[in-house]
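Visitor: next come a sequence and a model predicted from it.
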Amino acid sequence: MNNYHNLFPNAARTIASYNTFSQVIDLNSFEQKDFIENLGKKPDNEQRIFNVSIFRHEIAHWNDHISTLWGHTRLCLLYNALNARANNELQEFWRIKMYGDVCKQDTLFEYFTELHHAVNGSFHERWKAFVTAGLRFQANGYTNAEKPILFVSFRSNADVPIARVPISIASILETIATLEEYKIKFQSLGFVEDIVERKRLEKLFNTDLEKLIYNSKLTLYNVVSHLTANVMKASDIIWALETASAIGTIVLNLPISEMEKMKLAEFGSDDIDSRAAAFQQSCDKGYVFYNLLLNLLTSKGERTYNVIDLLSSSNLSSEKNIEEQVVLSMEQNIKNLIPGPFYSRAKKLMEFGLEIFKLRGIDGRKEGFDFTPENFTTMPHIMFGDTVYDDDAFNLGATMKKLERGEEISLAEEYFLFEYFQKKLDEFISICGI
């Protein structure tokens with residue numbers, strides 16, 4: 001199946017994943033019994049800390065998908081595409097193509113990524129980062145001057161070129177999830193009673209984070225944390241992750257009307273400045289992130305962040321006003337859902353996402369918000385490495401009837417149902433324009 005539906009990394013490090021098409025978490029490196037037994041206990045040893053941290057990483061992806069304006073809008077497009085296909089309404093099939101195109105805008109960055117030399121840096125041998133700009137392409141293959149794209153080029157301390165990658169939605173999402181993963185790791189050290197073991201784990205977690213951040217094969221996913229650290233001259237990687245995560249969450253929630261009125265930063269690069277208007281008009285998320293970051297630096301100086309300063313430095317509306325705009329937009333997303341067998345599922349999930357947004361706020365750091373998944377009333381289905389399904393037992397018609405009645409479907413039914421419809425959507429998208 002085509003990979004543009006999903007925008008999370010598929011690298012050697014991947015021991016778990018979140019599927020944006022089915023909204024299922026796949027903990028493929030864990031057996032269900034062992035994982036659940038450890039998850040329900042105090043994270044006071046390495047295995048339990050590992051389990052809960054990986055789980056929190058994937059839940060963060062799901063959380064961003066359902067409770068940011070970006071993700072909420074994508075869910076509306078997805079479920080309208082699914083219902084268009086399930087209803088077999090040919091006049092509604094344009095929704096399928098629209099969904100596919102939007103997915104590609106978020107995910108298909110392999111072409112734009114250039115890997116040069118596998119130089120893995122460290123906290124002591126930091127990479128250098130330089131921002132440049134280029135152009136996307138139209139459907140007919142010509143360059144599209146109306147849709148520029150922002151890149152970060154990495155070089156080693158010794159000026160060896162490492163990679164050139166776009167500033168993407170995927171990078172923002174991975175930064176948010178990585179922060180949640182390592183926050184729970186370091187917080188869990190307080191449960192480890194043995195002092196020697198606690199020190200060993202602390203050193204291990206710091207080393208693992210260093211290797212992750214400076215892994216040349218994962219530059220596509222750690223680019224915004226590097227960009228934040230470089231622009232803000234921050235040596236504390238946790239601060240850089242926290243700040244990049246907060247600004248990234250704002251980018252995911254910022255309404256188009258706010259992006260269009262955002263104060264343009266002084267980039268000091270003809271390559272970028274000459275395309276500033278096109279960047280702003282296309283609401284490019286990478287550009288919005290970089291613009292917000294530079295305006296904050298110019299207004300408040302290095303190594304500083306709070307949501308009020310960030311918004312005011314870019315001449316944006318107040319936090320309360322933007323939050324109200326997002327709520328209205330999410331309510332409209334729910335109203336925009338079209339009838340069909342997937343309607344009840346979509347409406348329930350998106351209403352829950354709206355409630356979570358109200359708790360999280362526009363930067364995900366609203367006072368009083370508790371990210372602990374155990375407090376959520378709705379959770380995604382989870383697959384494990386030892387999960388086995390009997391495809392002969394799957395009945396498409398019976399499953400569709402359950403969906404139409406608003407009933408819960410099993411994980412096995414969900415797996416085969418979304419696999420079936422992903423193929424159907426891919427088939428239609430592939431013949432568009434022929």
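Guide: Yes, it's here. Numbering: from 1, shown residues only.
Visitor: when you work out contacts or count neighbours from here on, use the C-alpha atoms and nothing else.
Guide: OK.
Visitor: quick check: Thr68 vs Asn83, distance?
Guide: From Thr68 across to Asn83, the span is 22 Å (CA to CA, to the nearest Å).
Visitor: repeat for Leu135
Guide: Counting by CA to CA, the separation of Leu135 from Asn83 is 34 Å.
Visitor: neighbour count winner among the two?
Guide: Ranked by neighbour count (other CA atoms under 10 Å), Leu135 and Asn83 place Asn83 first, with 23 against 16.
Visitor: pretty sure the more buried one is in contact with Pro339, am I right?
Guide: Yes: between Asn83 and Pro339 there is a contact under CA atoms under 8 Å: 6.9 Å.
Visitor: start to end distance for stretch 369-387?
Guide: Distance between the two ends of stretch 369-387: 33 Å, counting by CA to CA.
Visitor: and the helices in the stretch 301-434 of the chain?
Guide: Residue ranges of the helices in the stretch 301-434 of the chain, as given by DSSP state H, counting those that start in this stretch, are 307-313, 319-335, 343-360, 396-404, 411-431.
Visitor: closest to Asn38 out of the ones you listed?
Guide: Asn38 lies closest to helix 411-431 among the helices of the stretch 301-434 of the chain, at 21.5 Å (CA to CA).
Visitor: between that closest one and helix 396-404, how many degrees?
Guide: Helix 411-431 runs at 100 degrees relative to helix 396-404, counting by axes from the mean of the first three to the mean of the last three CA atoms, to 10 degrees.
Visitor: and helix 411-431, what's buried?
Guide: If you call a residue buried by 16 or more other CA atoms under 10 Å, then helix 411-431 has these buried ones: Leu411, Ala412, Glu413, Glu414, Tyr415, Phe416, Leu417, Phe421, Gln422, Leu425, Asp426, Ile429.
Visitor: go on, stretch 213-233?
Guide: Applying 16+ other CA under 10 Å to stretch 213-233 flags 213-232 as buried.
Visitor: and those, which of them are in helices?
Guide: Residues of those located in helices (DSSP state H): 213, 219-231.
Visitor: just the closest of these to Val160, please.
Guide: Out of those, the member with the shortest distance to Val160 (by CA to CA) is Thr219, at 14.9 Å.
Visitor: the closest residue to that closest one other than its chain neighbours: neighbouring residues, count only.
Guide: Once flanking residues are discounted, Thr219 sits nearest to Val165: 6.9 Å by CA to CA, 6 or more residues apart in numbering. Applying other CA under 10 Å, we find 26 residues neighbouring Val165.
Visitor: which residue, neighbours along the chain excluded, lies closest to the residue most central in space within the chain?
Guide: The centroid of the chain falls nearest to Leu173 when counting by CA atoms, centre = their mean (2.5 Å). With sequence-adjacent residues excluded and distances taken as CA to CA, 6+ apart, Leu173 is closest to His61, at 6.7 Å.
Visitor: using CSV, write out every CA atom in the helix or strand encompassing that neighbour.
Guide: In the assignment (DSSP states H and E), His61 maps to helix 46-67. Provided in CSV are the C-alpha atoms of helix 46-67 (Å, rounded to 0.1, in the frame of the first residue of the first chain):
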residue,chain,number,x,y,z
GLU,A,46,14.4,-0.4,32.8
GLN,A,47,11.8,-2.6,31.1
ARG,A,48,8.8,-0.9,32.6
ILE,A,49,10.2,2.5,31.9
PHE,A,50,10.9,1.4,28.3
ASN,A,51,7.4,0.1,27.9
VAL,A,52,5.6,3.1,29.2
SER,A,53,7.8,5.6,27.3
ILE,A,54,7.2,3.9,23.9
PHE,A,55,3.5,3.8,24.6
ARG,A,56,3.5,7.5,25.5
HIS,A,57,5.4,8.3,22.2
GLU,A,58,2.7,6.6,20.1
ILE,A,59,-0.2,8.0,22.1
ALA,A,60,1.3,11.5,21.5
HIS,A,61,1.0,10.9,17.8
TRP,A,62,-2.6,9.8,18.2
ASN,A,63,-3.3,12.8,20.4
ASP,A,64,-1.9,15.3,17.9
HIS,A,65,-3.9,13.6,15.1
ILE,A,66,-7.3,14.0,16.9
SER,A,67,-6.8,17.2,19.0
